[in-house]
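Novice: Generate coordinates for the sequence data below:
(2 chains)
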Amino acid sequence: MKLFTKYNRVNVSATIFTFVLGSIAFYFVLDYVLSRQLKETLRSEQFEIVHYVEEHHALPEIQNTRHQWITVEKSIEKLDKPQFKNIGYYNERDKENQSAKQLLFNIEVAGQNYLITVNKSEAETEELLKLIILVTIGMIALMLLFNYFINRRLINKLWQPFYKTIDDIKQYQVSDKQPMRLSNERIDELNLLNDSLNKMTQSIYREYAALKSFTENASHEMQTPLAVIRSKIDLLLQQSELNEQSLQQILSIEDAAKRLSKLHQSLLLLTKIENKQFVLNEQVDLKEIILEKIKEREELIDSKQLKIETFCKATTIYFYHHLAEILFNNLLNNAIKYTPQNGIINIELNEEFICFKNDAFNESLDTNKIFQRFYKPNDSRDGTGLGLAIIKEICNLAGFEISYSFKDHQHIFLIKIKTIE
Amino acid sequence: MKLLIIEDELSLNQSMVEFLSASGYVCESVFNFNDAVEKIEVYDYDCIVLDIMLPGGSGLQILKYLKQNNKTDGVIIISAKDSLEDKIHGIELGADDYLTKPFHLSELSVRVAAIIRRKKFQGNSVITLADIEIDTVAQSVKINQQTTELTQKEFQLLLFFVINKNKVISKNAIAEHLWGDDMDIASNFDFIYAHIKNLRKKIVTAGGEDRIRSIYGVGYKMQLP
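Specialist: So this is what the prediction gives:
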C-alpha cells in the first residue's frame, strides 16, 4: 500500500468521524436553541395578551397565521402556572402531520376565567434545522474532496525527491568507483535520508576500494616471488653441465611454481567475483566464445581423438566477456580432461541453457561436494580443484542456476541462463 | 639493441638482464621510479621492460612521460596486476605489449624481439638465421632458400626457437607460448611433441639442417653456430 493511500485512509476516516460527531452535537445544540426560541415566542405572545387584557379589560382580537394560532375557551379549571406542551396536528395546507408547541395559561377577564392556548408549529424550525444540517453535510463533502486532491498533489510533489533518491540507489553500483552523491533537498527528512545514504555508500566504497587494492597487492606480492622462481629456473636450464636428473628436478620445481601461481590466480579470481568487481553489462555472444575456445583446443582434442558435438544457437546475454571466457575455458578443460580417449563431448547452447555432456572414466562425481573449493575426484592429481568453484561463482554472480548430474555414463553440467529480451 | 629493464625485484631484474644479454641485447637495469626517469630522459632505448608497481611511483607515469615527450621507445609492461582493466589502461597509455607475472624469460625475449621489429624496421623484418629465413609480416618461411609451408602453430614454434636460439626451452614455456595460459595441458605434452616432430620433418624435407635438440624430455633447444 502506498504511503499516500494509507495516510488518506486514516485522514478521511478521522475527518468523517469528527464531522459526524460534530454534526450530532451541532444538531442537538441547534435543536435546543431553536426550541428555546420557540418557547420565547410563545411567552411573548402570552405577555402581549396579558398586557392587552390589563389595559383594555377585554380579550384581544385574535389573528391566526399559518404557523401560529391561539384558542380561547372559558374554563373553570385553573392552572397553577403556564404549561408547555408538545402536540401533533394535521396541517390541511401542507397535508401532513406536523408537530407544534403549545403554551397554556389562564386569564381572567371580567370575572370570567379563560384558558388560552398559544400554538406555534414547529415545521419552520424543523425546516431550518434540515437546511442547516444539509449545508453542513455539503461542506464536509466539499472539504473532504478538496483535501483529497490537495493532499494528492502536494504529497506527490513532496515525495518526488524521495523517488529520485530511490532511482539513484537502484542505479548505484559500488564498482562505479565512487560513492553516491545525492543532492540536497529542501525537506529536512529527505536531506537526512540522502546524507545517510551518501555516508553509507562512502564507507561501502572505501571498504570496496580497500578490498580491491588488497587483492591487487596480494597478487603483486605473491606473483613477484613466483616470477623470480620461474626466471631462475629458465636460467638454470641453460647450464650445460646439468645431468638429466637435475633437469628433471628443476622441471618439478617449475611445475610446482606454475601450480602455485595458477592456484593463487584462481583464488584471487574467486575473491574478485565474490566482491562483485565485475559488472555484467557487456553484450556477449556465447556461441562465438564457445566455438573460439573449441578451436583453441583443436590439437588437444585431436590428440585424444575426442569427438565434439555442438548444437549451438546464437545466444547473446549481458555478461562480462572475460568471465564468459573463463567459464567456457573451465567447462571445456574439464570436459577434455575427464573424457577418455575416443570419447564424445556434447555441447548445447540455446536461449534457455548451456549444457556440457561428456563420457566419463568412472562413476558419478560427488554431487554434494563437486562445487566446493579444492574438491578433487579420486582419480585426479593435478589441477587446482578450483575450476568448478569458479564456474559456480560466475553462475551465482549472473544469477544462473548450475546443476550436475550423471546419466548414461556421462557427466552432465546444465546451466540455466537469462538472455537479453 | 639497447634495453632498459625497470624492475624493483633485484633477482628478477638480474635474471632478465642475464637472459636477454645472452640473447645479444645490451641491457641496463634500474630498480626504482626516479632512476628510471633519469635514464629515460638521457638515453633512447629500443625497448623498455617496465614494471608497474615501483618504489617512488607508478610505471604508468613513465608511460605518460614517454608519450608527452614523443619518445618512440618500445615498451613492454610486466606486471602482476592480472586485471583486464590494467592491461587495457597500459595499452591505451602507449605500451606495446603486456606480460603478466610470472612469465618465462623465453616468452619475454620473443615479445621484446617482436616490439623491436615493429618499431625499428616498421615491421619489414626478415629474420635470417643460418639456412632459415623468416618473414614475420608475410608469415612465410624459406628453408634452404626453399619456401616451406608451415601451419600457424609450426610458424610460431619456429620463430620462438629462432629468437631463443641456443637456449633450452621447457615444454611448459612452449605450451604457454603456443596455447596461452588458459588451457589445461599440464598432463598432456604429447601434442607439443607432435608439432615439433612435424616441424623437424618439414625442415629436413626442405633440405635444411635439423637443429632442434630434445633435452632429456625436459624441453628443446635450437642449436645454432
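
Novice: Domain-wise, how is chain B divided?
Specialist: Per the record, chain B has its domains at B:2-120, B:126-222, by automatic domain parsing.

Novice: By mean pLDDT, show me the worst of the ones you listed.
Specialist: For the domains of chain B, the weakest mean pLDDT is recorded on domain B:126-222, namely a mean of 87.

Novice: Show me how far it is from its chain's centre.
Specialist: 14 Å (C-alpha atoms, centre = their mean, to the nearest Å).

Novice: same thing with stretch A:83-97?
Specialist: 64 Å.

Novice: mind listing what the residue most central in space within chain B touches?
Specialist: For chain B, the residue nearest the mean C-alpha position is B:Val110 (2.0 Å; C-alpha atoms, centre = their mean). Neighbour list for B:Val110: B:Leu159, B:Phe160, B:Ile163, B:Asn164, B:His177 [criterion: C-beta atoms under 8 Å, 6 or more residues apart in numbering or on different chains]. For the C-beta atoms, the positions are set from N, CA and C on the backbone; glycine is no exception.

Novice: So which of the residues you listed is the closest to chain A?
Specialist: B:Asn164 (9.8 Å; C-beta to the nearest C-beta).

Novice: and the residue nearest to B:Gly207 when sequence neighbours are not counted, backbone torsions?
Specialist: Nearest non-adjacent residue to B:Gly207, counting by C-beta to C-beta, 6 or more residues apart in numbering or on different chains: B:Asn144, 4.3 Å away. Note on B:Asn144: backbone dihedrals following degrees, to the nearest 10 are phi 60, psi 40.

Novice: State the next helix or strand along the chain beyond the helix or strand harbouring A:Ser35.
Specialist: Assigning secondary structure by DSSP states H and E places A:Ser35 in helix A:3-56. Next helix or strand after helix A:3-56 toward the C-terminus (DSSP H and E): strand A:68-74.

Novice: List the buried residues of that next one.
Specialist: Within strand A:68-74, the residues that count as buried by 16 or more other C-beta atoms under 10 Å in any protein chain shown are A:Gln68, A:Trp69, A:Ile70.

Novice: Starting from it, tell me which strands it pairs with and how they run.
Specialist: strand A:112-121 (antiparallel) (DSSP bridges).

Novice: Need the residues that contact the partner strand.
Specialist: In contact with strand A:112-121 (C-beta under 8 Å, 6+ apart) are residues A:38, A:41-42, A:45-46, A:49, A:59, A:66-79, A:87, A:89, A:91, A:98-108.

Novice: Assumed the residue nearest to the centre of chain B was part of a helix.
Specialist: Yes: B:Val110: assigned to a helix according to DSSP: H, G, I helix; E, B strand; the rest coil.

Novice: Give me the distance between it and chain A.
Specialist: 13 Å (C-beta to the nearest C-beta, to the nearest Å).

Novice: again with B:Lys67
Specialist: 23 Å.

Novice: Secondary structure element for that residue, which one?
Specialist: Residue-wise, B:Lys67 maps onto helix B:59-68 under DSSP H and E.

Novice: any idea how far that helix is from the chain center?
Specialist: Worked out by C-alpha atoms, centre = their mean, helix B:59-68 lies 22 Å from the chain centre.

Novice: again with stretch A:396-416
Specialist: So, by C-alpha atoms, centre = their mean, the centroid of stretch A:396-416 is 33 Å from its chain's centroid.

Novice: for chain A, what spans make up the helices?
Specialist: A:3-56, A:123-171, A:188-236, A:244-274, A:286-296, A:298-303, A:321-337, A:387-398 (DSSP state H).

Novice: neighbouring contacts of the last one?
Specialist: To tie it back to what came earlier, the one meant is helix A:387-398. Against helix A:387-398 from outside (C-beta under 8 Å, 6+ apart): A:266, A:269-270, A:273-274, A:276, A:278, A:280, A:317, A:319, A:323, A:326-327, A:330-331, A:333-334, A:370-375, A:400-402, A:413, A:415, A:417-418.

Novice: Show me which positions of that helix end up buried.
Specialist: Judged by neighbour count (16+ other C-beta under 10 Å), helix A:387-398 contains these buried residues: A:Gly387, A:Leu388, A:Ala389, A:Ile390, A:Ile391, A:Lys392, A:Glu393, A:Ile394, A:Cys395, A:Leu397, A:Ala398.

Novice: what angle separates that helix from helix A:244-274?
Specialist: Here helix A:387-398 runs at an angle of 20 degrees relative to helix A:244-274 (axes from the mean of the first three to the mean of the last three C-alpha atoms, to 10 degrees).

Novice: can you pull out the strands in chain B?
Specialist: B:2-6, B:26-30, B:47-51, B:53-54, B:57-58, B:74-79, B:97-100, B:126-129, B:132-135, B:140-143, B:146-148, B:168-170, B:212-215, B:219-222 (DSSP state E).
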